[in-house]
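Enquirer: sequence unknown, structure follows:
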């Protein structure tokens, strides 16, 4: 067997640290030739190797240079251009592993020679492998229709792709369409998203988007490029194709029930639009509140009020749908931390204590009070407390910062002053976070407002919220805290520095204050369906419960399972702008991976099961990080999906009887490499 060694001198980065001639002498053996080059990874260097391989006709090739992570694909391409199978190549990292870590040239020369000898022994046993190809489905499933999901769906549709957009609510838009104003520019929330929603529903690319509201995914089968997804669609009882959205049916309905979009602050009719301005502009019937559907009486007043025959259908039923897609974008959003875990803050126990979403609805024109900021007694508040970091930056609750809570708190400051001028506002803060080029504007506005005060606490247990005569009492026992710089002082002495996380200003005496309204700003957490959906997608969650990225810095929009992409608050706490950008990023990844006319290439460096030896113990299943192994239904043996497998070898190591083989990393190849380096 003839083996060619191409040694990279790397412009002195390698050759300046060791004796190249000494390496050549130490690795010399029958059938092996050695050639050193300055930059084999350059275009000229690659072409030189191509021509040399054609002339020398080696059976195997070893390239001694830098990390395989950087240039393994480069030199596999060189072998292909020279007419060789690209998997008859072995790279040796003599730059990072030798030249850059050893100062003694003799040691470096010896180590480089040992590494190359190990590669020679290994490459003798390497086999010619072939990539396989697979036809793919170009349709994409997008889960969730908030800013991230809408941008992902629309970006894909604009590129001519078919999209199945699944939303569990009767409307699209996510949380922001419930907000009167959004941070930092204080634009109208529905106004920001309405053009996007209109494009999805009625724009020039809307025909590419199949919108399934009141729907949830129940099963995901298959693999990247060829998923089969089962979707359970609840009945709306109103035909979206014939209803004209006039709302005449609402007036006649005698029944009502809790409004989940008012978060316990209001009710809605049994047949209703989710809120004024919601899209699709088609009402739906809540079967739990409807007198007819819950069996209490034969009411049909809404149907009688409807001017369109057949638009309301009490016989509408749930549907189980199946769709075939090539990729899945998860954009299911998040939720608020359960403030009941912090009973000292009084939510649900003390009157006029609300969380941030409840406050958003109180301030919104389409909310339960018609946009009038009122207490439970129906009066405008004159004293408001806003408590930051409820559950966040706390090892006992959520250790991370949600990033958007402070932005919301200072937006609330502006909303309160606009709706009830002269209101006194106190912010109880643990750590302040107002990032971005515009994030500081509302913070500085609050800081300079003579009716706004900032009180620092260090632990949420230092706050106690209780009923009191004349309002809600907030007691703060933050002995190490700081009241911050009062705005009057700020005006005299200039803008004070932004308080930082964990700051320890001057001591402060415990204080108690009386308020008309207390607003809690809880941490953002994964949505209630995140864990279940992660199991269905086999995508995995991280220690905080959010979807886990393939790499948090450079591949954050990809899940660890190939073909599943992440965007928005299901991945991490983020604002509207970030969520929308991530939706576009996820769509871009799909478009780059699934290209019309291109087949999906499957790398041959994967594991395979010897069915004759496999006992069906399934020890390999739980250790596979890519969820590529399942039990074969007929014989009960392990079966590996080559599309999902990344060839990491974890299953090979876990198999107690050695029934799994890792292509390109066989036991024989690894042992030969070890013998070579130890010889």
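Expert: Nice, I can see it. Here the structure is a predicted model, which means the values were calculated and not measured.
Enquirer: who are the neighbours in contact with the residue most central in space within the chain?
Expert: With distances taken as CA atoms, centre = their mean, the residue of the chain nearest its centroid is residue 571 (2.5 Å). By CB atoms under 8 Å, 6 or more residues apart in numbering, the contact list for residue 571 reads 330, 546-547, 549, 556-557, 582. To be clear about C-beta, it is placed using only N, CA and C from the backbone, and glycine gets the same treatment.
Enquirer: over to residue 673?
Expert: Contacts for residue 673 (CB under 8 Å, 6+ apart) come out as 118-119, 121-122.
Enquirer: got any ranges where the stretch 451-600 of the chain has weak pLDDT?
Expert: 479-509 (pLDDT under 70).
Enquirer: now with 50, please.
Expert: Along the stretch 451-600 of the chain, the model assigns pLDDT under 50 to residues 479-507.
Enquirer: show me where it has helices.
Expert: Assigned by DSSP state H, counting those that start in this stretch, the stretch 451-600 of the chain shows helices spanning 487-493, 530-537, 576-593.
Enquirer: from the rest of the structure, what touches whichever helix or strand comes after the longest one?
Expert: Tracing the chain C-terminally past helix 576-593 and defining elements by DSSP states H and E, one meets strand 600-602 next. Contact partners of strand 600-602, identified using CB under 8 Å, 6+ apart, comprise 131-136, 224-225, 594, 642-643.
Enquirer: same question for stretch 374-388.
Expert: By CB under 8 Å, 6+ apart, the surrounding residues in contact with stretch 374-388 are 345, 351-352, 362, 372-373, 405-406, 409, 412-413, 416, 419-420, 422-432, 463, 465, 471-472, 474, 513-521.
Enquirer: buried among these? Make that a PyMOL selection.
Expert: Of the contacts of stretch 374-388, the buried ones can be selected in PyMOL as follows, counting by 16 or more other CB atoms under 10 Å:
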select buried, resi 345+352+362+373+405+406+409+412+413+416+419+420+423+424+425+426+427+428+429+430+431+432+463+465+471+472+474+513+515+516+517+518+519+520+521
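Enquirer: how is this protein partitioned into domains?
Expert: The record assigns the chain these domain ranges, following automatic domain parsing: 3-123, 134-224+324-333+527-600, 235-317, 341-522, 603-663.
Enquirer: turn those into TSV, including distance to residue 671.
Expert: Listed next are those as TSV, based on distance: least, CB to CB, whole Å:
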stretch	distance to residue 671
domain 3-123	9
domain 134-224+324-333+527-600	30
domain 235-317	62
domain 341-522	44
domain 603-663	13
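Enquirer: so which of those is the most packed in?
Expert: The highest mean neighbour count among the domains of the chain, using mean count of other CB atoms under 10 Å, belongs to domain 134-224+324-333+527-600: a mean of 21.
Enquirer: quote the end-to-end distance of it.
Expert: One end of domain 134-224+324-333+527-600 sits 5 Å from the other (CA to CA, to the nearest Å).
Enquirer: can you tell me the average pLDDT over stretch 632-642?
Expert: Average pLDDT, stretch 632-642: 91.
Enquirer: contacts for that stretch?
Expert: With CB under 8 Å, 6+ apart as the test, stretch 632-642 has contacts from 132, 223, 602, 606-609, 611, 614, 616, 618, 620-621, 628-631, 651, 659-660.
Enquirer: in strands, which of those residues appear?
Expert: 132, 223, 602, 607-609, 629-631, 660 (DSSP state E).
Enquirer: just give me the closest of the residues you listed to residue 303.
Expert: residue 223 (45.9 Å; CB to CB).
Enquirer: how far out from the middle of the chain is stretch 228-235?
Expert: From the chain centre to the centre of stretch 228-235 is a distance of 23 Å (CA atoms, centre = their mean, to the nearest Å).
Enquirer: residues contacting it, please?
Expert: 141, 164, 166, 212, 214-222, 287, 316-325, 328.
Enquirer: same thing but at 10 Å, please
Expert: With contacts defined as CB atoms under 10 Å, 6 or more residues apart in numbering, stretch 228-235 is touched by 137, 141, 143, 164, 166, 168, 170, 212-222, 284-285, 287, 293, 313-325, 328, 536-537.
Enquirer: list the ones among those that fall in strands.
Expert: 141, 143, 164, 166, 212, 215-222, 284-285, 319-325, 328.
Enquirer: quick one: which helix or strand includes residue 106?
Expert: Under the assignment here (DSSP H and E), residue 106 is part of helix 105-123.
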